[in-house]
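Enquirer: sequence first, then the predicted structure, then my questions.
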Amino acid sequence: MAFKIISASCTACSACEPECPNNAIREKDGTFIIKPEKCTECIGYFDDPQCVAVCPVENTCVIDNSYPRYQAAG
Amino acid sequence: MASHSELNSIAVEVAKPPEAIMQEIAEHKGCGTSGGSGKASCGSAAGQGDLSPEIWEKVKNHPCYSEEAHHHYARMHVAVAPACNIQCNYCNRKYDCANESRPGVVSEKLTPEQAAKKVLAVASTIPQMTVLGIAGPGDPLANPEKTFKTFELISQTAPDIKLCLSTNGLALPDHVETIKKFNVDHVTITINMVDPEIGQHIYPWIFWEHKRITGIEAARIITERQLLGLEMLTAAGVLCKVNSVMIPGVNDKHLVEVNRAVKSRGAFLHNIMPLISAPEHGTVFGLNGQRGPTAQELKALQDSCEGEMNMMRHCRQCRADAVGLLGEDRSAEFTTEKIMEMDVKYDSASRQAYQIKVEQERQEKVAAKQEELAELAGEHSDIKVLVAVATKGSGRINEHFGHAKEFQIYELSTAGAKFVGHRRVDLYCQGGFGEEDSLDTIIRAINDCTAVFVAKIGGCPKDTLKAAGIEPVDSYAHEFIEQSAIQYFKAYLDKVKSGEIVHVERGDADIRQGAFVAA
Ligand code: SF4
Ligand code: SF4
């Protein structure tokens, strides 16, 4: 699993972009997207996924079940 | 008479060391409401009020701080900082910050490079453009790189443009040094409470140290950071204004305490704004039916704070990307597309010539008012009346009743004419929004006024106004507002004395929902 952004509710405010410890977030076509292969769900960095905590619109940064769960190294 | 050097000192701004200015702020006791000396307008309508000369020098050309400057000078905002670090119940983040601008409006987001080019293009076309602000959407200090990059680019090319920013204060203590470095001369902090118990009903959450924090804890952090930031700005010699949103039943009574707290920490001006709240804005307050204050509720609160410090009365809550003078928004001329094609040459000479002319006009107006005030000196009466004025600017009664987009409200007493605020109305001539009779809307907006001063008015609205108990006055067409108002008031007192008219207290008035925009 990784996180994904529901583009229909994203306001493109950019708040999540600098908070991501993995540089997984970037702007694309007027909305923001998460690169699933870079997202670690913030494991190893913070207690809470940063994009979820900072996003002003509820249920915009959500779990992407279609992507395999991140495995912490070790 | 305004001298060259006075204008130069605005651009160069080296008049006094900051410590001296801050000392003046500390000594400044605010505006006495008791004075019958004609000390009228507290840094707004008449200008200087009893602000110290150093602060006046700093703010007199600032359209957001001085009512008369609002007519002569222009400010612009650029939206370079869309991210925010707190959530407010009066804000819907789909749109611009509902506090600093207008709910339901989306400003065009710009990169710092685009923003800098836009500022230069506007300043070259509109010589009265003297102030650049970064406010909503978002919080400038939650986007420090974009905000300070924009300031850096502008200060390199156009050092005479004043820079200001508005913040919720959460990140402020971390950036005071940088603010100082860029010579930002005004910072506005929005402080709605100094008590977390109250704050929890205004701020649902904040993003703080990599966590989302809610409830009283969030409000406690906000108030600590805001007050610390304010103290640090004062210590650093940066002028600081405080904005508060008046939310009836939530923080309305508490704002008197906020006023005291920010004054004691060196804020030079306090601007209490009405909550703007309607269900269609989609804000928490809008959706749960939280109302905004009425005009008289707002005025009563501003009055009760005025003994404490300078109050700002003329904020129109303009939209964040507005460009231009009072009553005109020229943002359509400066879209990103058009700006990027422009070949901009920054011409400071023509800008200065314009500003000298403005300064002369301002002096004339002050002189006219002083003369009239001298005549009122012997009068004693407890009567106070409000009058509404239709004006296009320059401090004159020069707008047709039917063309007025807003009315300026003056309070007349034997102390003189005091500017106390604005009332927005829809264009009566163009039929308003069509949902209600627009003349009715105007009457509701100025219902607490005894008279309305206009350059011209048709026979029909004249009769309707009279029937509503508001006297339409067109005999002062194109005269100075304050001078005319004092003349009117003298005649009014005489008529009351002779028994020709009976003085009646007027009722309350509505505040139109939505920020001022003239498009
Ligand atoms: S969950 Fe963390 S790592 Fe994944 S996109 Fe969000 S901020 Fe980046
Ligand atoms: S914080 Fe939320 S709304 Fe803002 S850009 Fe990221 S996903 Fe979109």
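Expert: Okay, I see it. Numbering: from 1, shown residues only, chains lettered A, B, ... in the order given. Ligands and ions are numbered 1, 2, ... in the order given.

Enquirer: my read is that B:Phe207 contacts A:Val54, right?
Expert: Yes: counting by CB atoms under 8 Å, B:Phe207 does reach A:Val54; the two are 4.6 Å apart. Placement of C-beta: from N, CA and C, glycine included.

Enquirer: shared neighbours of those two, anything?
Expert: A:15, A:19, B:85 (CB atoms under 8 Å, 6 or more residues apart in numbering or on different chains).

Enquirer: which one of these is nearest to ligand 2?
Expert: A:Ala15 (4.1 Å; CB to the nearest ligand atom).

Enquirer: would you turn the shared contacts of B:Phe207 and A:Val54 into JSON lines with neighbour count and secondary structure?
Expert: Converted to JSON lines, those look like this (neighbours: other CB atoms under 10 Å in any protein chain shown; DSSP: H, G, I helix; E, B strand; the rest coil):
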{"residue": "A:Ala15", "neighbour count": "26", "secondary structure": "coil"}
{"residue": "A:Glu19", "neighbour count": "20", "secondary structure": "helix"}
{"residue": "B:Asn85", "neighbour count": "21", "secondary structure": "coil"}
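
Enquirer: from those residues, which are also near ligand 1?
Expert: When contact is defined as CB under 6 Å from any ligand atom, these meet ligand 1 at A:Glu19.

Enquirer: look up how far B:Ala295 lies from B:Lys466.
Expert: 21 Å (CB to CB, to the nearest Å).

Enquirer: so the two - more neighbours on which side?
Expert: Taking neighbours as other CB atoms under 10 Å in any protein chain shown, B:Lys466 and B:Ala295 compare with B:Ala295 leading, 25 against 11.

Enquirer: do you know how far that one is from chain A?
Expert: For B:Ala295, the distance to chain A (CB to the nearest CB, to the nearest Å) stands at 32 Å.

Enquirer: spit out the contact partners of that residue.
Expert: By CB under 8 Å, 6+ apart, the neighbours of B:Ala295 are B:421, B:423, B:445, B:448, B:508-511.

Enquirer: show me which of the residues you listed are buried.
Expert: With neighbours counted by 16 or more other CB atoms under 10 Å in any protein chain shown, the contacts of B:Ala295 contain buried members at B:421, B:423, B:445, B:448, B:509-511.

Enquirer: so of those residues, which ones are in helices?
Expert: B:Ala445 (DSSP state H).

Enquirer: pick out the most distant pair among the buried ones among the contacts of B:Ala295.
Expert: Among the buried ones among the contacts of B:Ala295, the pair separated by the greatest distance (CB to CB) is B:Gly421 and B:Asp510, at 12.8 Å.

Enquirer: any chance you could map the helices in chain A?
Expert: A:50-54.

Enquirer: likewise for the stretch 101-250 of chain B?
Expert: Ranges of helices in the stretch 101-250 of chain B, per DSSP state H, counting those that start in this stretch, are B:112-125, B:144-157, B:172-181, B:196-199, B:215-236.

Enquirer: what subset of the buried ones among the contacts of B:Ala295 is also close to ligand 1?
Expert: Within the buried ones among the contacts of B:Ala295, nothing lies near ligand 1 by CB under 6 Å from any ligand atom.

Enquirer: which one of the buried ones among the contacts of B:Ala295 is nearest ligand 1?
Expert: Nearest to ligand 1 among these, with distances taken as CB to the nearest ligand atom, is B:Ile511, at 41.5 Å.

Enquirer: quick check, pLDDT for that closest one.
Expert: Per-residue confidence (pLDDT) for B:Ile511: 69.

Enquirer: what parts of chain A come near ligand 2?
Expert: Counting by CB under 6 Å from any ligand atom, chain A sits next to ligand 2 at A:5, A:10-16, A:32, A:54-57, A:60-61.

Enquirer: so B:Leu269 is in contact with B:Val242, correct?
Expert: Yes: under the criterion of CB under 8 Å, B:Leu269 makes contact with B:Val242 at 7.4 Å.

Enquirer: burial check on the closest residue to ligand 1 within the stretch 101-250 of chain B, number of neighbours?
Expert: Nearest residue of the stretch 101-250 of chain B to ligand 1, counting by CB to the nearest ligand atom: B:His210, 9.9 Å away. Neighbour count for B:His210, taken as other CB under 10 Å: 15.

Enquirer: what about the closest residue to it other than its chain neighbours, distance to ligand 1?
Expert: Distances taken as CB to CB, 6 or more residues apart in numbering or on different chains place A:Phe46 nearest to B:His210, at 4.9 Å, with adjacent residues excluded. Applying CB to the nearest ligand atom, to the nearest Å, the value for A:Phe46 to ligand 1 is 7 Å.

Enquirer: what about A:Phe46, distance to B:Lys181?
Expert: 31 Å.

Enquirer: more crowded one of these two?
Expert: Of the pair A:Phe46 and B:Lys181, A:Phe46 is the one with more neighbours under other CB under 10 Å, namely 15 against 12.

Enquirer: check contacts around the residue of the stretch 101-250 of chain B closest to ligand 1.
Expert: A:19, A:46-48, A:50, A:53.

Enquirer: would you point out the most distant pair within those residues?
Expert: Among the contacts of B:His210, A:Glu19 and A:Asp47 lie farthest apart (CB to CB), at 13.4 Å.

Enquirer: what ranges in the stretch 351-500 of chain B fall below the confidence cut-off?
Expert: Flagging of the stretch 351-500 of chain B using pLDDT under 70 yields the residue ranges B:426-437.
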